[in-house]
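K.L.:
Quick one, what's the 3D model for this:
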Amino acid sequence: MFGIDFPELVVIAVVALIVIGPEHLPKVARTIGHLWGRAQRYVNGVKADISRDMALDELRQMQDKMQQEASNLEQSVSHASNDLERQLNASASDAGTAVAGVPRHEIIEETQPELPVETGQKKTTEI
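P.N.:
Here you go, the predicted structure:
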């Protein structure tokens with residue numbers, strides 16, 4: 001922001017030496033250094049607080065987005081489950097059986113065809 005080169009620093013030091021005097025100049029320079037360091041620490045602390053708040057806001061937005069996505073997924077699964085139940089009820093009423101009070105897994109087992117079960121034993125030929 002400010003461009004202070006070496007010649008400008010020399011001019012400032014000469015003016016300070018003339019105005020303040022050689023006896024008080026080291027004490028004033030030390031005090032200015034302490035104040036400058038304190039100001040830098042304060043600015044760095046404010047920057048850290050702001051970045052922490054920004055990160056916290058981003059995390060809250062991400063949490064809200066994830067909750068929204070989870071509720072959308074839950075609604076989608078609920079709708080799919082309701083549709084499946086309606087379809088099962090419709091197919092069961094077409095077949096003339098009552099579905100009320102029958103667990104879903106029993107209905108699904110009844111509608112699935114049975115597959116042949118293999119014993120897992122293989123014939124071996126000797127050489």
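K.L.:
how distant is the longest helix seen in the chain from the center of its chain?
P.N.:
Assignment by DSSP state H gives helix 25-95 as the longest helix of the chain. Here helix 25-95 is found 6 Å from its chain centre; the criterion is Cα atoms, centre = their mean, to the nearest Å.
K.L.:
helices or strands next to that helix in the packing?
P.N.:
For helix 25-95, the packing partners by 3 or more Cβ pairs under 8 Å, 6 or more residues apart in numbering; DSSP states H and E come out as helix 6-20, helix 104-111. For the C-beta atoms, the positions are set from N, CA and C on the backbone; glycine is no exception.
K.L.:
Rounded mean pLDDT for the last one, please.
P.N.:
Mean per-residue pLDDT for helix 104-111: 56.
K.L.:
Mean pLDDT per element in this structure, and the minimum belongs to which helix or strand?
P.N.:
Every helix and strand in the chain was compared by mean pLDDT, DSSP states H and E; the lowest is helix 104-111, with a mean of 56.
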